[in-house]
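1. Kindly generate the corresponding structure for this input.
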Amino acid sequence: MSDRSRRDTNGTGAWTRREWLRVTAAGAVQAIAAGSALAGARASRPLGVQLYTVRDRLGENAAETLEAIAAIGYKELELGRADVPRLAPIARDLGLSLASTHLEAPIVTGQWEAWPFLSRLKESYGGDDGLKRAVDEVKGYGVKYAVLPYLMAGERRLEASYYERLADRLNHAGQIGRAAGVKFGYHNHGFEFEALPDGRRALDVLASRMDPSLVTLELDVFWVGITGADPVELIQQYAGRTELLHLKDKAKTAPRATQEQDVPRDAFVEVGNGALDFAAIVKAAEGAGVKHFFVEQDHTPGDPIASLKQSYQNLSKLI
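-> Predicted structure coming up:
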């Protein structure tokens, strides 16, 4: 997932990641349009959708949006914690399982000052008791994974000790999750690929300190690729450590970047329509023990349902 430091100014009114988190925390994303799609070729294994792709359609049109996703052939969903109680009954009726949820970051990290628009959640979800409450709540809806999805730029530090402390916090959260039957995960963006003063990448520092029995990686192949790293090599490097994978493609003309604000909207394209080798990615993922595949497209040129359908059709030839 991406976060833009400011609202888009091209007149589209598209939601930024930060705005979406603010609104979904209140459980009231407003829909701007309805989506529909026809069923296409069927993948041989379950494919999922990260609902950030259709964030503008999860208000009044949530039911028909999820119906369209199911009609394409998707079987699993990944969604924000605040949306779980509202969307779970709809998903269940459509045969969609809630495989994973993204928790609001400060529930995991405790860094509430970096997320002032979520401060009202602190009373209910602060500290270990709040984290346990959040995990127990999503577990009650059948969620298997709880993922730390993002860190604000202001809370990051370009030093190994910061990521070591973050890994320790994730391990602690993983212990709480294990007691509830939920596994924790960490989702990467591009900033984890910046070189630290000691020459290591932040992602490698995190992974080296995370207990794989408690915390898994959720690798996002777009954000890996946009930094110039090779998604196939990374999946192989972390074989057995990556149970969740985000599938999204990057435009062939997309510039290298590690910071989200440097990535243009049109860098995000449907799976199979860009520069990444998804045949090799899928093969590596299956060999590395990836359990869940979620299609996500942060920005689409038009109807996000149409983009999800195209990605599904392209992936169904590979999976």
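
2. Regarding Leu217, what is its secondary structure?
-> With DSSP: H, G, I helix; E, B strand; the rest coil as the basis, Leu217 sits in strand.

3. since we're on the nearest residue to it once chain neighbours are set aside, how many residues are nearby?
-> Spatial nearest neighbour of Leu217, chain neighbours left out: Thr242 (4.5 Å); criterion: Cβ to Cβ, 6 or more residues apart in numbering. Every residue, glycine included, has its C-beta placed from N, CA and C. Neighbours of Thr242 under the rule other Cβ atoms under 10 Å: 24.

4. thought Thr242 was touching Asp220?
-> No: Thr242 is beyond contact range of Asp220, at 10.6 Å (criterion: Cβ atoms under 8 Å).

5. on that earlier part again, what's the separation between the residue nearest to Leu217 and Glu286?
-> Remark: distance between Thr242 and Glu286 (Cβ to Cβ, to the nearest Å) = 12 Å.

6. Do a quick rundown of the helices in the protein.
-> For the chain, the helices defined by DSSP state H occupy 17-25, 62-72, 84-93, 105-109, 122-125, 127-139, 160-180, 202-209, 221-226, 231-237, 278-288, 304-315.

7. hey, which of those helices is tucked in deepest?
-> helix 221-226 (a mean of 27; mean count of other Cβ atoms under 10 Å).

8. Give me the helices and strands touching it, please.
-> helix 231-237, strand 242-247, strand 249-250 (3 or more Cβ pairs under 8 Å, 6 or more residues apart in numbering; DSSP states H and E).

9. what's the closest of these to Gly80?
-> Taking Cβ to Cβ, strand 242-247 is the member of the helices and strands packed on helix 221-226 nearest to Gly80, at 14.6 Å.

10. partners of that closest one in the sheet?
-> If you go by DSSP bridges, strand 242-247 pairs up with strand 215-220 (parallel), strand 292-295 (parallel).

11. Most tightly packed of the ones you listed?
-> strand 215-220 (a mean of 26).

12. List of residues touching that strand?
-> 1, 100, 145, 147, 167, 170-171, 173-174, 183-189, 207, 231, 234-235, 238, 241-246, 248, 296 (Cβ atoms under 8 Å, 6 or more residues apart in numbering).

13. returning to that earlier point: rank the helices of the chain by pLDDT, which is bottom?
-> Among those, helix 17-25 has the lowest mean pLDDT, at a mean of 47.

14. Report the separation between the residue lying closest to Ala114 once chain neighbours are set aside and Val143.
-> Closest residue in space to Ala114, ignoring its immediate chain neighbours: Glu155 at 3.9 Å, by Cβ to Cβ, 6+ apart. Counting by Cβ to Cβ, the gap from Glu155 to Val143 is 25 Å.

15. Between those two, point out the one with more neighbours.
-> Between Glu155 and Val143, counting by other Cβ under 10 Å, Val143 is the more crowded of the two (24 against 15).

16. Just confirm that one contacts Phe184, I think it does.
-> No: under the criterion of Cβ under 8 Å, Val143 is not in contact with Phe184, lying 11.6 Å apart.

17. Do you know the pLDDT at Leu79?
-> 98.

18. Chain neighbours aside, what residue packs nearest to it?
-> Leu51 (4.4 Å).
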